[in-house]
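Q: Sharing a model that was predicted from the sequence below.
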Amino acid sequence: MGTAALIEVTAIVGLGLASVPAILTARNLRRFTRAPHDGQASEPVSVLIPARDEAGSIERTCRAILASEGVTLELVVLDDASQDETAAIVSRLAQEDARVRVVPGRPLPSGWCGKQHACSQLATLARYDTLLFLDADVTLKPDAIRRAVGFLNTSGVALASGFPRQLTGTPVEWLLLPLIQYVLLGFLPLGMSRRSLSPGLAAGCGQLFLSKRADYETAGGHAAIRESLHDGIKLPRAYRRAGLSTDLFDASDIAECRMYTRGVDVLQGLSKNATEGMATPQAVVPATILLAGGQVLPSLLLAAALTTHSVSSTVSPMTVAALTGAVVFSVLTRMVEAVRFRAPFSSSFAHPLAILVFLGIQWFGLFRRVVGMKATWKGRSLTPQ
């Protein structure tokens, strides 16, 4: 096969691969709904926050929760051996508002991930039967809790997870964090997920989970995923293994999160999560073929066809059209998501680079898994499972 024929075949395959997430995203955007606006005040809610060295964000997070409207709540913060002013800040808030409690966490036992151990303790401390697990860097709007509980109740599922708007500051955040929605909506068939209890079709965001206490206990709670580094995937799977349904919703209009403030933390955090996500031999190879073949290679070949004489002289107009179509599918999908989720619009045009870096993180995660390399997070050593 000559060079021109090879490029032509690659272009056509790339167009097909690029169309898969574009079409699925278009279908999923109609299903990935926001929490309902209507409804009366919900039942009492225990808002549960695991906090380890969160002095930079914990006061803002807590004050936003305490400003919630239309809901009776308590706020329980578990101080997980923080080395900063986290506990002192929440203690001051507890003196101002009787709804707030700060509880020191117990020492981390062997075989537990820190966050799962903290959340497990929080569940036992909750006074109410509706549990809202929230990360310490998530800021809620005044109607967020009422609407989120409304979604849990109207959907009838045992575990609901909201995806907040992801705030970005550093170039690495700008580049990579918008891929959260892209990967979710481009590769998870939401309709099929809702009709099935298959753990393989489960998804969630560890930043915001809601459940009734009875369902939480039936699923085994966070103790069922005690060794996990990635509750966003593992907790919904635990529920489904227990025969309980899970669902997710768009929380970008009621919650915001600044996950990381440094580019190196973005890379470390995504690499940590990769060990229980895509970074397995069964998943990373087909994912690389699908993503590199549909999102990266067409852009490189199109750039070469338009700027390099030796390439442009050998490719046909049909090849250029196929490559252009693949690039348009990719970038246009990202642009639509940027508008819907208020993500950085300019990041859409760096999509091929983002995918390339994302795949590099997955392969590094696989390498770390194979060699047994330990990661660290907030001063703790983590062993990939």
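A: It's in.
Q: Pull the distance from the strand or helix carrying Val331 to the chain's centre.
A: According to DSSP states H and E, Val331 maps onto helix 317-341. In terms of Cα atoms, centre = their mean, to the nearest Å, the centre of helix 317-341 is set 23 Å apart from its chain centre.
Q: So which other helices or strands are in contact with that helix?
A: For helix 317-341, the contact count by 3 or more Cβ pairs under 8 Å, 6 or more residues apart in numbering; DSSP states H and E identifies helix 3-31, helix 179-187, strand 246-257, helix 297-307, helix 351-371 as packing neighbours. Every residue, glycine included, has its C-beta placed from N, CA and C.
Q: quick one, it and helix 3-31 angle?
A: Angle, helix 317-341 to helix 3-31, by axes from the mean of the first three to the mean of the last three Cα atoms, to 10 degrees: 20 degrees.
Q: tell me the angle helix 317-341 makes with helix 179-187.
A: Here helix 317-341 runs at an angle of 120 degrees relative to helix 179-187 (the same axes, to 10 degrees).
Q: Can you list the buried residues in helix 317-341?
A: 319-320, 322-327, 329-331, 333-338, 341 (16 or more other Cβ atoms under 10 Å).
Q: quick one: average pLDDT of it?
A: The average pLDDT within helix 317-341 is 95.
Q: Show me the contact partners of that helix.
A: Identification of contacts with helix 317-341 by Cβ atoms under 8 Å, 6 or more residues apart in numbering yields 4, 7-8, 11-12, 14-15, 17-19, 21-22, 25, 29, 165-166, 178, 181-182, 185-186, 250, 252, 294-295, 298-299, 301-302, 305-306, 343-345, 347-349, 351-352.
Q: And those residues, which of them are buried?
A: 7-8, 11-12, 14-15, 17-19, 21-22, 25, 29, 165-166, 178, 181-182, 185-186, 250, 252, 294-295, 298-299, 301-302, 305, 343-344, 347-348, 351-352.
Q: Under the pLDDT cut-off, which ranges of the stretch 51-200 of the chain? List them.
A: The model of the stretch 51-200 of the chain has no residue with pLDDT under 70.
Q: ok, which stretches of it are strands?
A: Ranges of strands in the stretch 51-200 of the chain, per DSSP state E, counting those that start in this stretch, are 71-79, 100-104, 130-134, 138-140, 159-166.
Q: I'd like the domain boundaries of the chain, if you could list them.
A: Taking automatic domain parsing as the reference, the chain has its domains at 3-28+278-370, 33-274.
Q: Packed most tightly, which of the ones you listed would that be?
A: Compared across those, domain 33-274 shows the largest average neighbour count, a mean of 19 (mean count of other Cβ atoms under 10 Å).
Q: so what's the nearest residue to Leu323 once chain neighbours are set aside up against?
A: In space, and not counting its chain neighbours, Leu323 is closest to Leu302: 4.0 Å by Cβ to Cβ, 6 or more residues apart in numbering. Counting by Cβ under 8 Å, 6+ apart, Leu302 makes contact with 320, 323-324, 326-327.
Q: Let me know the closest of those to Ala202.
A: Nearest to Ala202 out of the contacts of Leu302 is Ala326 (Cβ to Cβ; 29.9 Å).
Q: I'd like the distance between that closest one and Phe358.
A: Distance of Ala326 to Phe358, computed by Cβ to Cβ, to the nearest Å: 18 Å.
Q: Repeat that for Ala322.
A: In terms of Cβ to Cβ, Ala322 sits 24 Å off from Phe358.
Q: returning to that earlier point: and the contacts of Leu302 as TSV, adding distance to Pro109?
A: TSV is the format used below for the contacts of Leu302 (distance: Cβ to Cβ, whole Å):
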residue	distance to Pro109
Val320	60
Leu323	54
Thr324	56
Ala326	50
Val327	50
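Q: quick one: which of the residues you listed is nearest to Thr280?
A: Ala326 (26.7 Å).
Q: okay, the nearest residue to Leu291 once chain neighbours are set aside: pLDDT?
A: Take Leu291 and drop its neighbours on the chain: the residue closest to it by Cβ to Cβ, 6+ apart is Ile355, 5.2 Å away. pLDDT recorded at Ile355 is 97.
Q: swap in the one 5 residues further on?
A: Confidence at Gly360, expressed as pLDDT, is 93.
Q: swap in the one 10 residues further on?
A: Here the pLDDT value assigned to Val370 is 78.
Q: ok, it to Thr280 distance?
A: 10 Å.
Q: same deal with Gly162?
A: Taking Cβ to Cβ, one finds Gly162 at 27 Å from Thr280.
Q: Ser211 now?
A: 27 Å.
Q: which residues touch stretch 52-66?
A: Stretch 52-66 has contacts (Cβ under 8 Å, 6+ apart) with 47, 49, 51, 73, 75, 77, 79-86, 89-90, 93, 97, 99-100, 114, 118, 134, 136-141, 145, 258, 261, 378-379.
Q: and what of stretch 259-276?
A: Stretch 259-276 is contacted from outside by 56, 137, 166, 169-173, 176-177, 207, 228-230, 232-234, 358, 361-362, 364-366, 368-369, 375, 377, 382, 384-385, using Cβ under 8 Å, 6+ apart.
Q: pLDDT averaged over that stretch, what's the number?
A: Here the average pLDDT along stretch 259-276 is 80.
Q: Quick check: pLDDT value at Ala41.
A: Note for Ala41: predicted pLDDT of 59.
Q: Same question for the one 3 residues further on.
A: On the pLDDT scale, Pro44 is placed at 97.
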